[in-house]
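# sequence and predicted structure below; questions after.
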Amino acid sequence: MEVHLRDLFARFEDQFGSGPGLGPTSGTCLLLVESLPPPFIKHLFRASAALFRTDPWKRLRPAHLLGLRVGKDSDWSSKKQLFPCAQFIGGDGGDLALHFFKSEPDALKMTGLRETIRSPNTELLRVVFVPEPLLTSADKRMVRSLSLESSGTDRFPVFDVARCTSTGSLRFRNPTLEELRYVYAFMKAIALVHPLLQPAKDAVPKRGRLLRFEPFIETVDVQWPQEVSRGWDLVAVTVSHPPGQAYEEKKLSSNSPKYIAEPPKEDSSKTALVTKTWNILRQCMMCEKEVPGEQCLCCGRCRAVVYCGPVCHKQHWKDEHKSVCGVYKAMMEREEELALKVFTFPCFVDHPCKWLDLMGLHQKGMWRRRCDCYAHCPFGLLPLELGGVSTSWGGLSDGECPQDTPFVNYMDGVSNPILLSGWSEYYNLRSLPMSSPVSAILSHSLTVYNILTSLSMSSKNRLIKGKEVVVHYLGPEGELDWMPAFSEIGHLLNGVGNVQIVMVGPDVPSNLSGTASGISGRVRVSLVRGIYQEQASYLSSPHLVVALNCKMESFGSWVGALELIKSMNAPAFFTDKSEILCANAKQVLRAAGLHITHPVTPNPFRSPLREQAPSSNLPSFSNGFVFGVNT
């Protein structure tokens with residue numbers, strides 16, 4: 001009797017199952033995955049929702065196979081890519097889903113016009129976006145208990161691995177944690193790159209004809225959630241179409257850097273240099289002499305340090321550089337990982353004025369603080385623009401900059417801070433094109449918001465409970481002219497809690513000190529001129545201390561500030577532009593008796609603009625890296 005019922009139930013599933021192509025949904029449950037951290041489940045559902053909002057099914061069909069490579073083969077237990085081929089299902093009818101295959105041949109033999117064809121002894125991983133009423137009771141409990149984000153209005157992703165046996169029947173299992181990490185990386189990456197697919201030049205749109213795309217390959221960096229990161233927090237994800245597409249080796253142009261020397265030998269009497277072409281003045285690391293960019297020389301091993309000539313390079317190698325060259329080389333190798341390739345505007349800045357002029361923003365609105373043309377104006381006191389009218393975003397159109405409005409009907413009106421993992425989710429949320437450069441200014445405000453809601457658990461809990469968080473913001477400069485950007489914090493709070501930001505620093509103008517303004521319904525900013533440790537006794541006790549682009553090794557006043565932070569035992573987060581500046585800051589913190597409790601990690605809301613330091617080629621971004629103490 002039991003065998004008869006099992007066979008009957010299997011036939012019923014085959015006939016009435018709701019899964020795309022393969023029939024039934026499996027009834028698998030993420031909670032059964034061994035050692036799966038609940039925070040990672042939240043990140044997984046958040047990534048699914050962010051991908052769903054980009055609506056890849058508008059253009060992508062099952063025949064548009066995508067190649068996938070996540071990190072190196074050695075990163076995975078099998079020493080190979082887990083599911084290196086993917087496709088979107090449901091764009092032309094049926095349930096919306098994402099399928100992953102073990103190989104391209106598997107994908108080809110299982111791909112029909114609309115349905116997924118059963119192929120014996122093959123396995124695929126599925127992400128099916130299921131309406132909430134069709135979820136299993138276990139999945140519904142999980143959604144409620146973890147407050148998981150929905151995809152669209154009422155859909156939730158169900159993850160399973162389906163295998164067609166030699167008899168044609170289906171077997172399902174839960175994906176492993178490693179497989180879910182793989183899927184997470186792809187969902188984060190594909191949300192960024194699928195809009196970049198361009199129709200083939202000779203493609204003629206006809207009814208019923210599959211849209212063809214130009215060959216495509218793109219690599220983006222994805223940040224692992226902290227609970228599943230292993231070693232380095234970023235992973236390079238390469239997406240290609242068709243799957244076999246490979247990078248073409250590009251020939252160096254006449255303007256490309258020319259490396260003409262071997263690395264330095266251990267014998268310091270022999271020096272090796274590399275010349276590099278620049279269009280700006282550089283500064284010798286040894287003697288601080290200014291050198292035209294096209295004449296400067298760089299260390300041949302790390303390529304990170306600039307010199308005026310062989311004599312300075314030889315002396316610097318002997319005195320100092322030999323001991324740190326390997327560290328600099330490792331930092332330079334992370335250039336590709338740190339570049340935010342999702343943006344389509346130029347992200348390398350050799351001269352701020354030239355970049356602003358290229359973007360049509362020079363000497364306009366808040367952008368006036370991005371170059372030195374208004375250096376004569378005190379921070380926070382930019383004059384009105386011509387005609388007495390100031391446009392904060394410098395004349396960007398409404399669709400290119402965030403509107404000063406709340407997020408209406410976000411998560412069906414549920415009041416909770418909006419959690420973001422990076423720029424792509426924010427741009428999707430605000431419906432901004434990736435050609436919009438507003439991230440270069442929003443980096444400060446969204447870094448503060450990310451610290452409040454993702455890095456500082458005590459602050460996040462206060463906000464969720466509807467309480468106020470007092471933030472002491474140390475050393476403000478250009479951000480004093482970027483107050484409109486800080487109003488976005490209030491909108492992202494989404495009706496929960498309040499934030500009082502007290503900006504304290506010697507660059508606050510005297511006539512602004514002591515003023516306060518409510519820049520949004522839930523964010524209030526107060527300005528105080530002076531040294532933090534001298535003014536702190538007059539301020540409300542902080543729940544959080546923040547210092548952006550802190551340059552900790554450069555100012556002696558940090559000694560007293562750090563002593564105060566230590567005595568208050570207040571959670572404090574800092575950012576700086578490069579890894580070497582963060583390493584130097586760690587030395588200052590140790591000398592003050594403070595220990596890093598949040599390690600140096602790339603800031604997901606760093607500015608996308610790569611800055612050029614005078615004496616160094618190390619990757620440098622405003623708010624590039626974040627670290628913390630007392631967290």
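Right, received. Where do you want to start? Numbering: from 1, shown residues only.
# in the stretch 451-600 of the chain, mark out all the strands, start to finish.
468-474, 498-505, 516-520, 523-529, 544-547, 572-576, 596-602 (DSSP state E, counting those that start in this stretch).
# mind exporting the longest one as CSV, just the C-alpha atoms?
Looking back up the chat, that one is strand 498-505. Output in CSV follows, covering the C-alpha atoms of strand 498-505 (Å, rounded to 0.1, in the frame of the first residue of the first chain):
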residue,chain,number,x,y,z
ASN,A,498,16.3,59.1,14.8
VAL,A,499,19.9,60.2,14.3
GLN,A,500,21.6,63.2,15.8
ILE,A,501,24.9,63.9,14.1
VAL,A,502,27.3,66.3,16.0
MET,A,503,30.0,67.4,13.6
VAL,A,504,33.1,68.5,15.6
GLY,A,505,36.3,69.9,14.1
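# same for that strand, what does it pack against?
strand 468-474, helix 483-492, strand 523-529, helix 532-535 (3 or more Cβ pairs under 8 Å, 6 or more residues apart in numbering; DSSP states H and E). All C-beta atoms are positioned from the backbone trio N, CA, C, and that covers glycine.
# if you set the cut-off to 6 Å instead, what comes out?
Here strand 498-505 touches strand 468-474, strand 523-529, going by 3 or more Cβ pairs under 6 Å, 6 or more residues apart in numbering; DSSP states H and E.
# as TSV, these with distance to residue 543 would be great.
Shown next, in TSV, are these (distance: least, Cβ to Cβ, whole Å):
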stretch	distance to residue 543
strand 468-474	5
strand 523-529	14
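# TSV for these, including distance to residue 297, mean neighbour count and mean pLDDT?
What follows is those, written out as TSV (distance: least, Cβ to Cβ, whole Å; neighbours: other Cβ atoms under 10 Å; pLDDT from 0 to 100):
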stretch	distance to residue 297	mean neighbour count	mean pLDDT
strand 468-474	38	22	96
strand 523-529	44	21	95
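# related to what we said a few turns ago, mind checking which of the strands of the stretch 451-600 of the chain is nearest residue 243?
Nearest to residue 243, of all the strands of the stretch 451-600 of the chain, is strand 596-602, at 28.8 Å by Cβ to Cβ.
# run through who's touching the next helix or strand after the closest one.
Next helix or strand after strand 596-602 toward the C-terminus (DSSP states H and E): strand 610-611. With contact meaning Cβ atoms under 6 Å, 6 or more residues apart in numbering, strand 610-611 is reached by 347-349, 620.
# how far out from the middle of the chain is strand 610-611?
Chain-centre distance of strand 610-611: 16 Å, with Cα atoms, centre = their mean, to the nearest Å.
# swap in stretch 127-144?
From the chain centre to the centre of stretch 127-144 is a distance of 28 Å (Cα atoms, centre = their mean).
# measure the residue lying closest to residue 451 once chain neighbours are set aside to residue 415 for me?
Closest residue to residue 451 apart from its sequence neighbours, by Cβ to Cβ, 6 or more residues apart in numbering: residue 573 at 4.8 Å. Separation of residue 573 from residue 415 (Cβ to Cβ, to the nearest Å) stands at 25 Å.
# more neighbours: which of these two?
The neighbour comparison of residue 573 against residue 415 (other Cβ atoms under 10 Å) goes to residue 573, with 27 against 13.
# now do the more buried one, the pLDDT please.
Among the per-residue scores, residue 573 holds a pLDDT of 97.
# checking residue 129 next. Helix, strand or coil?
Under DSSP: H, G, I helix; E, B strand; the rest coil, residue 129 falls in the strand class.
# on that earlier part again, in CSV, list the strands of the stretch 451-600 of the chain along with distance to residue 49.
What follows is these, written out as CSV (distance: least, Cβ to Cβ, whole Å):
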stretch, distance to residue 49
strand 468-474, 26
strand 498-505, 25
strand 516-520, 25
strand 523-529, 25
strand 544-547, 28
strand 572-576, 27
strand 596-602, 23
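# which stretch among those strands comes nearest residue 401?
Comparing the strands of the stretch 451-600 of the chain by Cβ to Cβ, strand 516-520 comes nearest, at 15.8 Å.
# and residue 47, that's in a helix?
Yes: under three-state DSSP, residue 47 sits within a helix.
# that older thread, out of the strands of the stretch 451-600 of the chain, nearest to residue 213?
strand 596-602 (30.8 Å).
# show me the beta-bridge partners of the residue lying closest to residue 586 once chain neighbours are set aside.
Spatially, and ignoring its direct neighbours in sequence, residue 586 is nearest to residue 596 (6.0 Å; Cβ to Cβ, 6+ apart). Judged by DSSP bridges, the bridge partners of residue 596 are residue 629.
# distance check, residue 596 against residue 349.
For residue 596 relative to residue 349 (Cβ to Cβ), the value is 29 Å.
# of these two, which one has the most company?
For residue 596 and residue 349, the more surrounded residue by other Cβ under 10 Å is residue 349, and the numbers stand at 20 against 16.
# tell me the contacts of that one?
355, 609, 611.
# and it, what pLDDT?
Residue 349 is given a pLDDT of 87.
# tell me the bridge partners for it.
residue 611.
# what about stretch 502-518, start to end distance?
Using Cα to Cα, to the nearest Å, the end-to-end distance of stretch 502-518 comes out at 12 Å.
# rewinding a little: pLDDT added to the contacts of residue 349, as JSON lines?
Output for those, formatted as JSON lines (pLDDT from 0 to 100):
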{"residue": "355", "pLDDT": "91"}
{"residue": "609", "pLDDT": "94"}
{"residue": "611", "pLDDT": "88"}
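# follow-up on the earlier one: so which of the strands of the stretch 451-600 of the chain is nearest residue 320?
Across the strands of the stretch 451-600 of the chain, residue 320 has its closest neighbour in strand 572-576 (20.6 Å, Cβ to Cβ).
# what does the closest one contact?
451, 545-548, 550, 565, 582, 585, 603, 623, 626-630.
# ok, back up a step: so for residue 485, which of the strands of the stretch 451-600 of the chain sits nearest?
For the strands of the stretch 451-600 of the chain, proximity to residue 485 was assessed by Cβ to Cβ; strand 516-520 is nearest, at 9.3 Å.
# and the closest one with helix 483-492, angle?
60 degrees (axes from the mean of the first three to the mean of the last three Cα atoms, to 10 degrees).
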